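1. structure, please.
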Amino acid sequence: MDLGLRGRTALVCSSTQGIGGAIASALAAEGAKTVVTGRRGARAQEIAARLPQAIGVETDLLAPHGPEELFRATVDAFGPPDVLVLNGPGPRPGQAADVTVEDVGAAIEATVLPHIRLISLALPTMRARGWGRILAVGSSGVAAPLANLALSNLGRAGLAGYLKTLAAEVAADGVTVNLLLPGRIRTDRTAAVDAANAERTHRTVADVERESVAAIPAGRYGHPAEFAAAAAFLCSAPASYVTGVALRCDGGLVRTL
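-> Modelled structure (predicted):
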């Protein structure tokens, strides 16, 4: 299938490793001019050098002007983005009973505000062109809140509500807005969550992982490349009638339709 991404500009946040890195590689393989981003500038440039047409940009989206600087670097290199992939690390693990007001503010600042700032920069050109793809990497916690991830559940659900509202507002302009929700994808973030759960429950990480795998009908953790393939489709031209959707890529982990 031709995904219609050749020559398009794709900005992929937090794409120096894991899910973000896999998405950047998948979009680049489809011919998109790709902006690889992360706090480690050398790593972003190293990954970009392996892709057909890409640049690496050192970015801290939580810095006062981080989103604006990243957008400017994208425009200077390839023009305004046609594809915007919102991605970033989640808040620290923890239980809901332990959450403070300060924790809530930090969670919103990390998981919601930088993404809305980037959308506000990219959206006007997308609407003017009549074509755009906004895709947020979320969490299966949006569909079914996850134990010991209270702050992530809170922040990502807030972003999901905003994106669903936005999708209806811009659909007639040729801009789609979707979420892609990972389950247990084998990444550094997943390893950190497993380690935190092991410490909290006084078990080994291996025991925690075995328990997690037992709850997944597919019988294994997912691979970043599998997740990236779904992301590439949602960012594609053939997906023009898919918007306002939260699609799970979780091996059947969440037992709802």
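2. make it CA atoms for all contacts and neighbour counts henceforth
-> OK.
3. other SSEs contacting the helix or strand that contains Met126?
-> Using DSSP states H and E, Met126 sits within helix 113-129. When contacts are defined as 3 or more CA pairs under 8 Å, 6 or more residues apart in numbering; DSSP states H and E, helix 113-129 sits against helix 66-78, strand 83-86, strand 132-137.
4. neighbouring contacts of that helix?
-> 61-62, 67-68, 71, 80-82, 84, 86, 132, 134, 170, 173-175 (CA atoms under 8 Å, 6 or more residues apart in numbering).
5. that helix vs strand 132-137, what angle?
-> 160 degrees (axes from the mean of the first three to the mean of the last three CA atoms, to 10 degrees).
6. so which helix or strand takes in Gly219?
-> Per DSSP H and E, there is no helix or strand for Gly219.
7. next one, pLDDT for the nearest residue to it once chain neighbours are set aside please.
-> The shortest distance from Gly219 to any non-neighbouring residue, by CA to CA, 6 or more residues apart in numbering, is to Val213 (5.5 Å). At Val213, the model reports a pLDDT of 97.
8. cool, Gly66 as well?
-> 96.
9. ok, Pro91 next?
-> In this model, Pro91 is scored at 87, pLDDT.
10. also Leu146?
-> 85.
11. returning to what we had before: for the residue nearest to Gly219, what are its contacts?
-> Val213 neighbours (CA under 8 Å, 6+ apart): 219-221.
12. next, format these as a markdown table and append pLDDT, distance to Gly18 and neighbour count.
-> Below are the contacts of Val213 laid out as a markdown table (pLDDT from 0 to 100; distance: CA to CA, whole Å; neighbours: other CA atoms under 10 Å):
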| residue | pLDDT | distance to Gly18 | neighbour count |
| --- | --- | --- | --- |
| Gly219 | 97 | 20 | 14 |
| Arg220 | 97 | 17 | 18 |
| Tyr221 | 97 | 13 | 18 |
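13. average pLDDT across the strand ranked longest in the chain?
-> Longest strand in the chain, counting residues (DSSP state E): strand 175-182. The pLDDT scores in strand 175-182 average 97.
14. what lines up beside it in the sheet?
-> As defined by DSSP bridges, the strand partners of strand 175-182 come to strand 132-137 (parallel), strand 246-249 (parallel).
15. one step back: columns distance to Glu199 and mean neighbour count on top of the helices and strands packed on helix 113-129, output as TSV?
-> Formatted as TSV, the helices and strands packed on helix 113-129 follow (distance: least, CA to CA, whole Å; neighbours: other CA atoms under 10 Å):
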stretch	distance to Glu199	mean neighbour count
helix 66-78	34	17
strand 83-86	30	26
strand 132-137	27	25
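16. ok, which of these comes nearest Ala196?
-> strand 132-137 (21.7 Å; CA to CA).
17. for that closest one, which outside residues touch it?
-> 82-88, 119, 123, 126, 174-182, 231, 234-236.
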